[in-house]
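S.K.: sharing a model that was predicted from the sequence below.
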Amino acid sequence: MFFLIQFISYAVQIYIWIIIAEIVLSWLVIFDVINTRNPQAQNLIHLIKKATHPVMSRVRRYIPPIGGLDLTPMIVIFGLMLLRNLVIRLLLSGSGGFVL
């Protein structure tokens, strides 16, 4: 059971870091620090967007950008943290362990 809890926690944490990397990468592209004509930069941007697009696009349907500011990453990160804590609590309470 501990392995499953650790796996879920690590998977969510890695996905949160991927979302943060997408945010930082988008800022670097906007401020022209990263040249998007570079093939390596294009590959990196494509890889990160491919990893985050399925979740972000579903949330963006319901929450449009407010004043040009996209709140979707923050909402997704908050939702992932809530989901992780809920799943861990359910697993711990089902195994007779302590509830956080």
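M.R.: Now that the structure is in, tell me what you want to look at.
S.K.: helices along the protein, start to end?
M.R.: Remark: helices assigned in the chain by DSSP state H are 2-30, 39-60, 72-94.
S.K.: so which of those comes closest to I66?
M.R.: Minimum separation from I66 across the helices of the chain (CB to CB) falls at helix 72-94, 10.4 Å. Where you see a C-beta, it was placed from the backbone N, CA and C, and this is true even at glycine.
S.K.: show me the contact partners of that closest one.
M.R.: Outside helix 72-94, the residues that touch it by CB atoms under 8 Å, 6 or more residues apart in numbering are 1, 4-5, 8-9, 12, 15-16, 19-20, 22-23, 55-56, 59-60, 63, 98-100.
S.K.: how far away is R37 from I48?
M.R.: Going from R37 to I48 by CB to CB, to the nearest Å gives 17 Å.
S.K.: higher neighbour count, those two?
M.R.: For R37 versus I48, neighbours defined as other CB atoms under 10 Å are more numerous around I48 (18 against 7).
S.K.: many thanks, I have nothing further to ask.
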